[in-house]
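J.: Just a sequence and a predicted model for now, questions to come.
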2 protein chains.
Amino acid sequence: MKRNSKLSSTLHILVHMAEKPEQALTSEQLATFIHTNPVVVRRTIAGLRDAGIVTSSRGHGGGWLLGRAPEKISLAEISVALGETLLPFSTEPESPGCLVEQAVITVLDDFRIAAERLLAEKLSRITLADLTADFRRRFDLIGVSSHAV
Amino acid sequence: MKRNSKLSSTLHILVHMAEKPEQALTSEQLATFIHTNPVVVRRTIAGLRDAGIVTSSRGHGGGWLLGRAPEKISLAEISVALGETLLPFSTEPESPGCLVEQAVITVLDDFRIAAERLLAEKLSRITLADLTADFRRRFDLIGVSSHAV
DNA sequence: TAAATTGTAACTAACTAAGTTACATGAAAC
DNA sequence: GTTTCATGTAACTTAGTTAGTTACAATTTA
């Protein structure tokens, strides 16, 4: 798994899970989808479990399942559950007492708040079902869903 | 200078420059504002020079000046000139041939394009002059612009 | 009881970005 | 013209972050 690809890797995993709704997939299986190892998968999607987006079960026959229907899982929820901010620029004070810095931080934070609201709104309109529908269109056209490479 | 604070540090520098429009400030002076060293400053704002936002001159009495009036410098231009993307999540393929991944990347890239347009639009409405005006309001109230810490 | 699976802590490796050193280049002052 | 002051930039070092790995306890089913 490459850097900064947590969101896309997680979506990749979730679409595969949505395609096998009745079958619990192991961390091992999920790991092969995104070319990493099982522990990284568990760590990455642990937050999704806490958010009810997926469920996990231990022991023989255990693994991961979607927590609810793909239509009810939005990219906004997934993004939040991953604990990553979409806008990672920092506005932490480095020169306490400098009024110039205070002015800069205020303006930048106002922008960030407005921007985050906008992005969340856009992401909340896209669901996992939209992704699976897009996948199926491609599959019906080409007919292969490989992980050979 | 902390990580991910290039944008806020650069704005900090630019407002100070806007407050001394007739005086070329050296990298050394700019560096003290953001608690780093002159080479980091030159490297960071080199892109702003290429974009005409600032000018630099060498030799005795040299240093940095704004390239045009603060009213004509938008945060959108500054952000672009810094060469940083506001939305750094990756959508590079890791499993070429996997239709699931292709569907995910397509949706995510569409989102990114729309989001970047939105953010650029918002940032283009904020100018360096807005920041200096905000600073002056604070200064008139409190009357100190320290870099003691 | 054995096998399969997650949960998680602790450690290692790879990558990124800031910080630093060094020095060539250019401009002004004298 | 030589000295001084400044930027430009390459090369290296350091620090911080994140993915990857190992190890093992806890849990579940056959």
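T.: Nice, I can see it.

J.: which bits of chain A sit near DNA strand D?
T.: With the criterion set to CB under 7 Å from any atom of the strand, chain A comes near DNA strand D through A:1-4, A:6, A:35-37, A:39-40, A:43, A:57-62. Where you see a C-beta, it was placed from the backbone N, CA and C, and this is true even at glycine.

J.: List buried members of those by neighbour count.
T.: The neighbour-count test (16 or more other CB atoms under 10 Å in any protein chain shown) applied to the residues of chain A next to DNA strand D identifies A:M1, A:N4, A:K6, A:T36, A:V40 as buried.

J.: Dump the residues you listed into JSON lines; add distance to B:A115 and pLDDT as well.
T.: Formatted as JSON lines, these follow (distance: CB to CB, whole Å; pLDDT from 0 to 100):
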{"residue": "A:M1", "distance to B:A115": "23", "pLDDT": "94"}
{"residue": "A:N4", "distance to B:A115": "15", "pLDDT": "95"}
{"residue": "A:K6", "distance to B:A115": "17", "pLDDT": "98"}
{"residue": "A:T36", "distance to B:A115": "27", "pLDDT": "97"}
{"residue": "A:V40", "distance to B:A115": "27", "pLDDT": "98"}
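
J.: just to revisit the earlier point, can you sort out which of the residues of chain A next to DNA strand D also neighbour DNA strand C?
T.: Applying CB under 7 Å from any atom of the strand to the residues of chain A next to DNA strand D, those adjacent to DNA strand C are A:R3, A:V39, A:R43, A:S57, A:R58, A:G59, A:H60, A:G61, A:G62.

J.: Sort out for me which of the residues of chain A next to DNA strand D are in helices.
T.: Using DSSP state H, the members of the residues of chain A next to DNA strand D that fall within helices are A:K6, A:V39, A:V40, A:R43.

J.: Apart from its chain neighbours, what residue comes closest to the second one?
T.: Counting by CB to CB, 6 or more residues apart in numbering or on different chains, the nearest residue to A:V39 once its immediate chain neighbours are dropped is A:S27, at 7.5 Å.

J.: Return the residues in contact with that neighbour.
T.: A:P38, A:V39, A:V41, A:R42, A:G63, A:W64 (CB atoms under 8 Å, 6 or more residues apart in numbering or on different chains).
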